[in-house]
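Mind folding the following:
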Amino acid sequence: MSLEPINVATLTPSTQKDVADFNQTLPLHIANLTCVRAGKAMPFTREEMSAIDKAPINAPVAVNFMGLITDEQADRKHHGGPLKAVHQLAPATYEKINAEFGLKVRVGTLGENLTTEPVNGLPEMTESTVCIGDVFEYGDTATSTDDVDNLQLRIVQPRRPCYKINDQIGQFTRVPNIAAWVSKQGIAGWYFKVVRDGMISADLPVYLIERPYPFATLEKLWQLANAKEKYDAEVIEPWLSIECLEESWKKVLAKKIRKN
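Residues are numbered from 1 along each chain as shown. Sure, this is the predicted structure:
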């Protein structure tokens, strides 16, 4: 099993030009929610607590600036909070993990709150198709009124995999450092900030309603942040101008600017 990192110098975007993408007239119905999950802090490995085990919610649940009101995080220093209010992970991540390591890890094992499926011939929501700053609305945009506002979430940062991914999968089988492999592949999912409180449930359509930074895919952000080489300022500076990008990522990117 290879744990070699991606060669970011030669990596090309995985979304091909002949495939429909999300850079269209908005609002755009891009997906449907197939599952919404929340977890409770419970005894985990290393004599710690964790809420990485998240169970499907079968009824609408309220979401405020801290996330789903029924969701918990045991380690509030590294998880949760307004800039990590809701987490989404593409089902394709599980396909890649299972293919690489010969496992059968099920969707929902790694702590995500949201799972979606694509619609209308559009691609899946993955790191190559979503961008920092994207705002999504959950529910029919035509029915959102002053009296009934649909939930809105904005992508503000990727997820940084931690050792709990190893411990979670390691409960079932002996595996190498999957968290490091996931990080090198840049397939750890992303975090949302809540733009507007609302209700969410597994039967709702997902609309992309704002895309202020169409260049800023999470795939490209991972490439830049993890590259060994430096870049000209004009490559990095547009990222530093993204107001909603979480500050720690801006600090990483700022160090990638080539000095004259």
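
low-scoring stretches of this protein, by residue?
Counting by pLDDT under 70, the chain contains low-confidence ranges at 1-19, 41-47, 49-52, 74-80, 143-147, 171-173.

Quick one: the helices in it, in order.
In chain order, the chain shows helices spanning 91-101, 163-170, 178-185, 218-226, 233-240, 247-254, with DSSP state H as the criterion.

And the fifth one, how far out from the chain middle?
Spelled out, it's helix 233-240. 22 Å (CA atoms, centre = their mean, to the nearest Å).

Check what contacts that helix and list those residues.
Y213, F215, A216, L221, L224, L245, K250, L253, A254, K256, I257, R258 (CB atoms under 8 Å, 6 or more residues apart in numbering). Quick note: C-beta positions are derived from backbone N, CA and C, even for glycine.

Restricted to buried residues, select the residues you listed in ChimeraX.
Those of those that count as buried under 16 or more other CB atoms under 10 Å are selected in ChimeraX with:
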select :213,216,221,224,245,253,256,257
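
Next, format the contacts of helix 233-240 as CSV and append distance to E124.
Putting the contacts of helix 233-240 into CSV (distance: CB to CB, whole Å) gives the following:
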residue, distance to E124
Y213, 20
F215, 20
A216, 18
L221, 18
L224, 23
L245, 23
K250, 28
L253, 26
A254, 31
K256, 29
I257, 33
R258, 35
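
quick one on the thing from earlier: nearest to F192, out of the helices of the chain?
Ranking the helices of the chain by proximity to F192 (CB to CB) places helix 218-226 first, at 12.2 Å.

Only C-alpha atoms, please: export that closest one in CSV.
Backbone C-alpha positions of helix 218-226 (Å, rounded to 0.1, in the frame of the first residue of the first chain) are rendered in CSV as follows:
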residue,chain,number,x,y,z
LEU,A,218,-10.7,23.0,-1.9
GLU,A,219,-8.6,20.8,-4.2
LYS,A,220,-6.5,23.7,-5.3
LEU,A,221,-6.2,25.0,-1.7
TRP,A,222,-4.8,21.6,-0.6
GLN,A,223,-2.3,21.6,-3.4
LEU,A,224,-1.0,25.1,-2.6
ALA,A,225,-0.9,24.6,1.2
ASN,A,226,1.0,21.3,1.0
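
I'm done for today, thanks for sticking with me.
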